[in-house]
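Asks: predicted coordinates and the sequence they were generated for:
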Amino acid sequence: MTEPSFPTAGAQPVSKAELRRHAGLVRQREARRLGQAAGDRIARHVLDAVPLRPFEMAAGYWPVRAEADPLPLMLALKAMGHGLCLPEVAARNAPLLFRRWLPGEPLTAGAYGIPAPGAGARLVTPSLVLVPGVWFDRQGARLGYGGGFYDRTLEALRRGRRPTIVGIAYDAQLGDRLAREPHDAVMDFVVTERRVIRTR
Ligand SMILES: Nc1nc2c(c(=O)[nH]1)N(C=O)[C@@H](CNc1ccc(C(=O)N[C@@H](CCC(=O)O)C(=O)O)cc1)CN2
Ligand SMILES: Nc1ncnc2c1ncn2[C@@H]1O[C@H](COP(=O)(O)OP(=O)(O)OP(=O)(O)O)[C@@H](O)[C@H]1O
């Protein structure tokens, strides 16, 4: 397969929409190429390199659209005694909410059809946030689906106790410096199946 030309925020600016489309294709290709091994490697890298405190409340995500799979990591965190939760879109311009979830518990279709724990599950504040994305740069900037949800959410969480923010992606979704906007939340770590990048 020919490598699609590489859009960056450097000499040749591309629109966010173009980068999203390109990144979506890269993600699909990598999901197919790497299969389940990627999620297992990501889990190992996070456990090896990201400092964890006792009793973290870890926000994962239910992988959709070929997002790198955080579930092996979530299962390992649970086995170590940490808590787990999943995001919920509360309103279009609001931060995400997080609800407690244990693997095996039922999920319901939430906003955009993404499975979520549902109104019966307890609301919690995560101390460790696994953040999906379509593109990351090596400085920890992130491009998502464009709703600004994680930007608003991470900004709000950082006003409280200092959470650990970990972007999760396939290595092929890592690129050169993204044009950063003032509202863009920056990850503390970006972890792929190949490496851990510590950004601060
Ligand atoms: N697995 C997973 N769960 C998640 C997120 C995520 O990125 N991944 N979210 C992270 O925020 C939230 C859901 N956010 C989403 C935001 C936009 C679209 C979406 O489909 N956007 C349209 C464009 C709509 C518009 O421009 O207004 C699209 O991509 O076609 C989907 C999910 C919460 N749960
Ligand atoms: N902290 C914030 N406060 C208010 N509005 C914000 C904030 N962060 C982002 N937004 C709004 O959200 C819009 C979308 O932001 P952006 O394109 O960076 O989303 P994204 O990070 O790709 O999406 P997502 O986080 O949902 O995956 C911005 O144009 C902005 O208007």
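Replies: Sure, I can see it. Remember, predicted model here, so these are calculated numbers, not experimental data. Ligands and ions are numbered 1, 2, ... in the order given.
Asks: so I197 versus ligand 2, what's the distance?
Replies: I197 sits 18 Å away from ligand 2, going by C-beta to the nearest ligand atom, to the nearest Å. (Each C-beta comes from the backbone N, C-alpha and C, glycine too.)
Asks: how far is the host helix or strand of that residue from where the chain is centred?
Replies: Under the criterion of DSSP states H and E, I197 resides in strand 196-198. Its chain's C-alpha centre and that of strand 196-198 lie 14 Å apart, by C-alpha atoms, centre = their mean, to the nearest Å.
Asks: same question for stretch 29-36.
Replies: 17 Å.
Asks: then stretch 146-166?
Replies: 11 Å.
Asks: pLDDT at G10, what is it?
Replies: The per-residue pLDDT reported for G10 equals 47.
Asks: I misspoke; the intended subject was D176.
Replies: pLDDT for D176: 86.
Asks: do G118 as well
Replies: At G118, pLDDT is 94.
Asks: nearest residue to it in space, please, no chain neighbours.
Replies: Nearest residue to G118, sequence neighbours excluded (C-beta to C-beta, 6 or more residues apart in numbering): T108, at 4.4 Å.
Asks: so which bits of the strand holding I197 are buried?
Replies: I197 (16 or more other C-beta atoms under 10 Å).
Asks: would you map the helices across this structure?
Replies: Shown for the chain, the helices assigned by DSSP state H span residues 16-34, 37-49, 71-79, 149-159.
Asks: now do the second one: which elements does it pack against?
Replies: This points to helix 37-49. helix 71-79, strand 189-191, strand 196-198 (3 or more C-beta pairs under 8 Å, 6 or more residues apart in numbering; DSSP states H and E).
Asks: ligand 1: which of these is closest?
Replies: Across the helices and strands packed on helix 37-49, ligand 1 has its closest neighbour in helix 71-79 (10.9 Å, C-beta to the nearest ligand atom).
Asks: what lies in contact with that closest one?
Replies: Residues outside helix 71-79 that contact it (C-beta atoms under 8 Å, 6 or more residues apart in numbering): 39-40, 42-43, 46-47, 52, 56, 58, 60, 63, 84, 102-103, 128, 130, 168.
Asks: got the CA positions of that helix in PDB?
Replies: Output of helix 71-79 as PDB, limited to C-alpha atoms (Å, rounded to 0.1, in the frame of the first residue of the first chain):
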ATOM      1  CA  LEU A  71      -9.200  -2.700  27.200                       C
ATOM      2  CA  PRO A  72      -6.200  -4.900  28.000                       C
ATOM      3  CA  LEU A  73      -4.800  -2.000  30.000                       C
ATOM      4  CA  MET A  74      -8.000  -1.400  31.700                       C
ATOM      5  CA  LEU A  75      -8.300  -5.100  32.700                       C
ATOM      6  CA  ALA A  76      -4.700  -5.000  34.100                       C
ATOM      7  CA  LEU A  77      -5.400  -1.800  36.000                       C
ATOM      8  CA  LYS A  78      -8.500  -3.400  37.500                       C
ATOM      9  CA  ALA A  79      -6.600  -6.500  38.500                       C
END
